[in-house]
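# sequence and predicted structure below; questions after.
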Amino acid sequence: MKWDGWRCQLHTGARRVWSRHGTDLSRAFSDVAAVAADLPDAVLDGELVAVLADGSGVAFDRLQTRAGRRGPRPGADFTVHVAVFDVLAVGDTDWRPRPYAERRHELLRLLEGGPPALRPVPATTDPAQALRWVGALAGVEGLVGKPAQAPYAAGQASGWVKWRSRHTTEAVVIGVTGTTPATQALVLGRPQAGGRMRAVGVSLPLPQAVRLALAPLLRGSGEPVRELPGTVGGLPGADPVRYVPVEPEVVVEIEVDQERLEFGRYRHRPRVRRVRGDLAPGHLSEHPG
């Protein structure tokens, strides 16, 4: 299962939690670091997941509320668990050269009877069973496949195959960004109360067919070049996105990996599939999904 969370590396003996980019998350997730001490000394690969207290599933956005904090916030409506999917080391032994099937067996041994907040990700060799997990369990956004006899490798060399469930919805074109045909993308908006448009994301670069279909339809608004924070474009920490505003009158169908907006935007950049000439901005609701 591919859970909707933050990738992490857990060092149980040292009680440290690290992000995939090397950020020390041990302070923000001190509760996770503390329960990890109940396990043997090991390095585990997994996903931090915010489990809602009402049993309705997991919520990616709740993890962000831990930023800058030391552990749980009093009265929070979620607890953090780790969905563990691999073991990299046990004590002084490096397990990365060993086949995944062996690492999986060792992972189950390490976590057997361990803290409830640290659980192994379910796995199967039956593709049909795996597909049934997607959508049946809230928070499972896709699947990851691993070669059973392959060693652990980082990045593109891992040989992992990822499959993610995606959704389609509509948005209004409110601007164009990019300086060349290969980089041109759309600034996308959704209607707000009162008829105003709110920027909810920046698309991936446009396919040529979509770009040609949009060219005669878009009209410049006459306003000067504007900027959006990088986070609105699904690029946390990135520079602001400069774009040319257009009249908000063209609707496009987009492919997204989450049904609802998160903090008023799409977390990842949507893919524009086609122009929806049968729809006008007034047909769109304020909240997609």
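Everything's here; your move. In this text the structure is predicted, and so the values were computed from the model without any measurement. Numbers count the residues shown, from 1 in each chain.

# stretch 47-67: which residues count as buried?
47-52, 58-60, 62-63, 66 (16 or more other CB atoms under 10 Å). (C-beta placed from N, C-alpha, C; glycine too.)

# which of those fall within helices?
Of the buried residues of stretch 47-67, the ones assigned to helices by DSSP state H are 60, 62-63.

# out of these, which comes closest to residue 134?
Checking those against residue 134 by CB to CB gives residue 60 as the nearest, at 16.0 Å.

# from residue 66, how far out is the closest one?
Relative to residue 66, residue 60 is positioned 12 Å away (CB to CB, to the nearest Å).

# quick one: pLDDT of residue 87?
Per-residue pLDDT puts residue 87 at 97.

# what is the burial count for it?
26 (other CB atoms under 10 Å).

# what helix or strand is it on?
strand 78-90 (DSSP states H and E).

# quick one: list the elements packing against that strand.
Contact here means 3 or more CB pairs under 8 Å, 6 or more residues apart in numbering; DSSP states H and E; on that basis strand 78-90 packs against strand 6-11, helix 30-36, strand 42-52, helix 100-111, strand 118-120.

# just give me the closest of the ones in helices among the buried residues of stretch 47-67 to residue 253.
Residue 253 has its nearest neighbour among these in residue 60, at 23.9 Å by CB to CB.

# return the residues in contact with the nearest residue to the closest one once chain neighbours are set aside.
Closest residue to residue 60 apart from its sequence neighbours, by CB to CB, 6 or more residues apart in numbering: residue 4 at 4.9 Å. For residue 4, the contacting residues are 49, 58, 60, 139-141, by CB atoms under 8 Å, 6 or more residues apart in numbering.

# hmm, which two among the buried residues of stretch 47-67 are most spread apart?
47 and 52 (15.8 Å).

# identify each buried residue in stretch 144-154, please.
144, 146, 150-152.

# likewise stretch 170-189?
170-178, 184-189.

# in strands, which of the residues you listed appear?
Using DSSP state E, the members of these that fall in strands are 170-177, 185-189.

# re earlier: out of the buried residues of stretch 47-67, which is nearest to residue 278?
residue 60 (32.7 Å).

# tell me the pLDDT at the closest one?
Reported pLDDT for residue 60: 76.

# distance of it from residue 161?
Where residue 161 is concerned, residue 60 sits at a distance of 22 Å (CB to CB).

# cool, and residue 243?
Relative to residue 161, and taking CB to CB, residue 243 is found at 35 Å.

# ditto for residue 169
26 Å.

# who has more neighbours out of these two?
residue 169 (19 against 10).

# wouldn't that one be in contact with residue 254 here?
Yes: Residue 169 lies in contact with residue 254 (CB atoms under 8 Å); the separation is 6.2 Å.

# what stretches of the stretch 1-150 of the chain score poorly on pLDDT?
The stretch 1-150 of the chain contains residues with pLDDT under 70 at 135-139.

# do that again at 90, thanks
The model of the stretch 1-150 of the chain has pLDDT under 90 over residues 1-7, 19-23, 37-38, 54-76, 127-128, 130-143.

# do the same with the stretch 151-289 of the chain
Using pLDDT under 90, the flagged stretches of the stretch 151-289 of the chain are 154-169, 179-182, 191-198, 209, 213, 228-241, 255-269, 273-274, 276-280, 282-289.

# tell me where it has strands.
Using DSSP state E, counting those that start in this stretch, the strands of the stretch 151-289 of the chain run over 161-164, 167-177, 185-191, 197-202, 226-228, 241-245, 251-256, 271-275.

# given the first one, what are its sheet partners and their directions?
Same thing as strand 161-164. strand 140-145 (antiparallel) (DSSP bridges).

# what do you get for the last one?
Here strand 271-275 is paired, per DSSP bridges, with strand 251-256 (antiparallel).
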